[in-house]
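**Q** Sequence plus the predicted model coming up.
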Amino acid sequence: MTVNEKKAFLQLVQGLRNLVADDGKVDLREAEAMLGLVRPLAAIDHDCADLARVLETVLKDNVVTDEESRTLLLLIDRLCGRHTGLVYEIEDKPPFFESLFAALQHLLAIFVGIITPPIIVCGALGTSDEVKAFMISMALFASGICTFIQCKRLGPIGSKLLCVQGTSFQFIGPLIAVGFFAQSQTNGHPEQAMWGLPLIFGCCIAAAPAEMIAAFLFKKLRKVITPLVSGIVVTLIGLGLVKVGIISCCGGFGAMGRPDTDPLVFAGWRNLTVAASVLLTIVFFNSFRNKYVRMGSVVFGLIVGYAIAWQFGMLHFAFSSNAINVPVPFKWGLHFDLGSIIGLAIVYFITSIEANGDITANSMISGLSITDESYHARVRGGVLADGFNSAVAGVFNSFPNSIFAQNNGVIQLTGVASRHVGYYIAALLVLLGLFPVVGDLFGTMPDPVLGGATLLMFGMVAAAGIRIIASQPIGRKETLVLAIAFGLGLGVELCPQVTVNGNGVPWILKFAPDLVRNIFSSGLVTGGVAAIFANAVIRIKE
């Protein structure tokens, strides 16, 4: 079908339900209007031709026999069953301006999510503003490259769907832990270790093959990696990040050492006012029925936050003199640590579970099968690209990438599932990453502005995990898996910190070997591993 024919088919399907009255009988008053819609499609679609023929007979006789009623209802169900609500399907190529408009809507949905991890990690590690701005730019640049690979498919790598990739939230906590560990080895001079960035990038690249290997194991591990495990992992991600969000609301790690007389002291009223204003603005615009207003709610919240922060004297812009950012592979070099690599490898494996779900949801929304071999090829290619792209991101001084679930919602809103739109999204992200002004502008974002937005976003991640868990039947064995995973995961996350070799670690791991401490200092890793093993033991016993 051409684009105009698809639009006509969409209009027909939307009107077909009106053809059936509340009592299940065909309504003759709607038959003439439906005949006008179906006639142009009769020449190109067998079902539409049958529907037009029956409607013509009905209107000619001005009565609907039982046989005609059954035939009409069957045709209506068949046509509605074929309907995906899409104006442009996977392989369609929308015109330039329609593609650009759809790409901008996707960009609006993902932009804040992409720049948030580098802002949080750099803020926690105490990097300079110049480094933070560069990291934001590279996050956008790397996300553009990764999105292109995911949509295009290079050999076996890529899902060949409209899957947009961006900097992953799952790695925020573990990356901060790796950075702190690197800084602890410099006797109080974190800048000597480049704030831990070489170790972070080295370990991210070295651990990325774990997710690539996981891409080939899903069919074999289907009984172990169940939706219950996925829900636990997503919930732990959200709950672990809420702590980071609330610290940002209070002023960030840098405000903790300020005296109580400082107006911007940690948890001071100015910081909390800015964070609350951002949070309430996002909630306010999210309550609108207009889908575009809801999509822009986070951006509106940041604008309000910036305005109030400016009034409080929190903004200090410093723009780079460079006209363009030149991506420099391995800008700060690479360092490696076995314990950190193993810990991140576990997070990569956990991320592959979420990627599997995102690709499945995208396939369903795009009207593709989720049972045949082509589906398994899409999942395998998409997860393989997730791992490969994370290594590529590390090369360009960015953090691991993952598929963004929010873009599935944008596909539903716009009716555009064409993977060719992904090329436009990729180009826009690369362009934004090449101009330093973007990184400079958001690199100076006050922590309370970011905290007000991320607190809600991280809470939504946890809520999504709870919904996945709630969708599953919860019996005695499932409750046991939940108890073990949350008990260990949240236990590590909430455990008081103690300094070991200059690095803060959960007290429960104080006397553990360095290798074990580096692996399990993250509640996500501990809880995720516990969920997988507990579920595996229960399944073996069945």
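**A** Nice, thanks for sending it over.
**Q** So H376 is in contact with F216, correct?
**A** No: between H376 and F216 there is no contact under CB atoms under 8 Å: 10.4 Å. Every C-beta, even on glycine, is put in place using the N, C-alpha and C of the backbone.
**Q** pLDDT below threshold where in the stretch 351-500 of the chain?
**A** Counting by pLDDT under 70, the low-confidence segments of the stretch 351-500 of the chain come to 370-371.
**Q** Please, where are all the strands along it?
**A** 401-403, 497-500 (DSSP state E, counting those that start in this stretch).
**Q** Comparing those strands, which comes out most buried?
**A** The highest average neighbour count among the strands of the stretch 351-500 of the chain, using mean count of other CB atoms under 10 Å, belongs to strand 401-403 at a mean of 30.
**Q** which neighbours does that strand have in its sheet, and in what orientation?
**A** Sheet pairing of strand 401-403 (DSSP bridges) gives strand 165-167 (antiparallel).
**Q** Longest helix in this structure, please.
**A** Determined from DSSP state H, the single longest helix within the chain is helix 96-125.
**Q** what's the next secondary structure element after it?
**A** Using DSSP states H and E, the helix or strand that follows helix 96-125 in sequence is helix 129-152.
**Q** related to what we said a few turns ago, list the buried residues in the longest helix of the chain.
**A** Residues of helix 96-125 classed as buried by neighbour count (16 or more other CB atoms under 10 Å): 98-100, 102-103, 105-107, 109-125.
**Q** Same check on stretch 269-283?
**A** So stretch 269-283, judged by 16+ other CB under 10 Å, has buried residues R270, N271, L272, T273, V274, A275, A276, S277, V278, L279, T281, I282.
**Q** Which pair in these has the greatest spatial separation?
**A** Distance extremes for the buried residues of stretch 269-283: the farthest pair is R270 and I282 at 19.4 Å, using CB to CB.
**Q** thinking again about what came up before, can you redo the strands of the stretch 351-500 of the chain as CSV with distance to I425?
**A** What follows is those, written out as CSV (distance: least, CB to CB, whole Å):
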stretch, distance to I425
strand 401-403, 13
strand 497-500, 40
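**Q** Quick one: closest of those strands to F388.
**A** Ranking those by proximity to F388 (CB to CB) places strand 401-403 first, at 9.7 Å.
**Q** For the residue most central in space within the chain, give me phi and psi.
**A** For the chain, the residue nearest the mean C-alpha position is F404 (2.6 Å; CA atoms, centre = their mean). Dihedral angles of F404 (phi, psi; degrees, to the nearest 10) stand at phi -90, psi 120.
**Q** cool, and N62?
**A** Reported as degrees, to the nearest 10, the phi and psi values for N62 are phi 60, psi 30.
**Q** Check the gap between it and E32 for me.
**A** Taken as CB to CB, to the nearest Å, the spacing of N62 relative to E32 amounts to 11 Å.
**Q** The two: which is more packed in?
**A** More neighbours surround E32 than the other of N62 and E32, with 11 against 8 (other CB atoms under 10 Å).
**Q** per-residue confidence at that one?
**A** pLDDT recorded at E32 is 78.
**Q** what's around the residue lying closest to T226 once chain neighbours are set aside, how many residues?
**A** With CB to CB, 6 or more residues apart in numbering as the criterion, T226 has its nearest non-adjacent residue at 6.3 Å, and that residue is N535. Here the neighbour count serves as a burial measure; for N535 (other CB under 10 Å) it reads 23.
**Q** How about the contacts made by N535?
**A** Taking CB atoms under 8 Å, 6 or more residues apart in numbering as the contact definition, N535 lies against V224, I225, T226, L228, V229, V481.
**Q** doesn't V481 make contact with the fourth one?
**A** This points to L228. Yes: contact between L228 and V481 holds when scored by CB under 8 Å: they sit 6.3 Å apart.
**Q** Overlap of the contact sets of these two?
**A** By CB under 8 Å, 6+ apart, L228 and V481 have these common neighbours: A531, N535.
**Q** returning to that earlier point: for the strands of the stretch 351-500 of the chain, which one sits closest to H335?
**A** strand 497-500 (19.5 Å).
**Q** so after that closest one, what's the next helix or strand?
**A** The next secondary structure element downstream of strand 497-500 (using DSSP H and E) turns out to be strand 503-506.
**Q** mean confidence for that next one?
**A** Mean per-residue pLDDT for strand 503-506: 82.
**Q** in it, what counts as buried?
**A** The neighbour-count check on strand 503-506 (16+ other CB under 10 Å) flags N503, V505, P506 as buried.
**Q** quick one: the longest helix of the chain to chain centroid distance?
**A** Relative to the mean C-alpha coordinate of its chain, helix 96-125 is positioned 11 Å out (CA atoms, centre = their mean, to the nearest Å).
**Q** go on, stretch 349-368?
**A** A distance of 11 Å separates the centroid of the chain from that of stretch 349-368, by CA atoms, centre = their mean.
**Q** before we move on, what about stretch 378-395?
**A** Chain-centre distance of stretch 378-395: 14 Å, with CA atoms, centre = their mean.
**Q** Then stretch 462-482?
**A** Stretch 462-482 sits 21 Å away from the centroid of its parent chain (CA atoms, centre = their mean).
**Q** Now the residue nearest to T226: which helix or strand?
**A** Under the assignment given by DSSP H and E, the secondary-structure element containing N535 is helix 523-541.
**Q** sorry, back to before: what is the most widely separated pair among the contacts of N535?
**A** With distance counted by CB to CB, no two of those lie farther apart than I225 and V481, which are 12.2 Å apart.
**Q** can you name the farthest residue from the center of the chain?
**A** When distances to the mean C-alpha position of the chain are computed (CA atoms, centre = their mean), the maximum falls on D61, with 55.6 Å.
**Q** distance of it from V54?
**A** With CB to CB as the criterion, D61 and V54 are 11 Å apart.
**Q** Kindly report the same for H106.
**A** Note on H106: its distance to V54, by CB to CB, is 41 Å.
**Q** Could you do D66 as well?
**A** D66 sits 13 Å away from V54, taking CB to CB as the criterion.
**Q** These two - which one has more neighbours?
**A** Remark: of D66 and V54, V54 carries more neighbours, 22 against 8, as counted by other CB under 10 Å.
**Q** Am I right that that one sits in a helix?
**A** Yes: according to DSSP: H, G, I helix; E, B strand; the rest coil, the state of V54 is that of a helix.
**Q** show me what contacts it?
**A** Residues counted as contacts of V54 (CB under 8 Å, 6+ apart) are E68, T71, L72, L75.
**Q** Double-check that L334 belongs to a helix.
**A** No: in this structure, L334 is coil, not part of a helix, as judged by three-state DSSP.
**Q** Now do the residue nearest to it when sequence neighbours are not counted, the pLDDT please.
**A** In space, not counting the residues next to it along the chain, L334 is nearest to G202; the distance is 3.6 Å by CB to CB, 6+ apart. According to the predicted model, the pLDDT of G202 comes to 95.
**Q** my guess is G202 contacts F330, does it?
**A** No: with contacts counted by CB under 8 Å, G202 stays clear of F330, the gap being 9.2 Å.
**Q** So for these two, which sits in the more crowded spot?
**A** When G202 is set against F330 and neighbours are counted by other CB under 10 Å, the residue ahead is G202, at 22 against 14.
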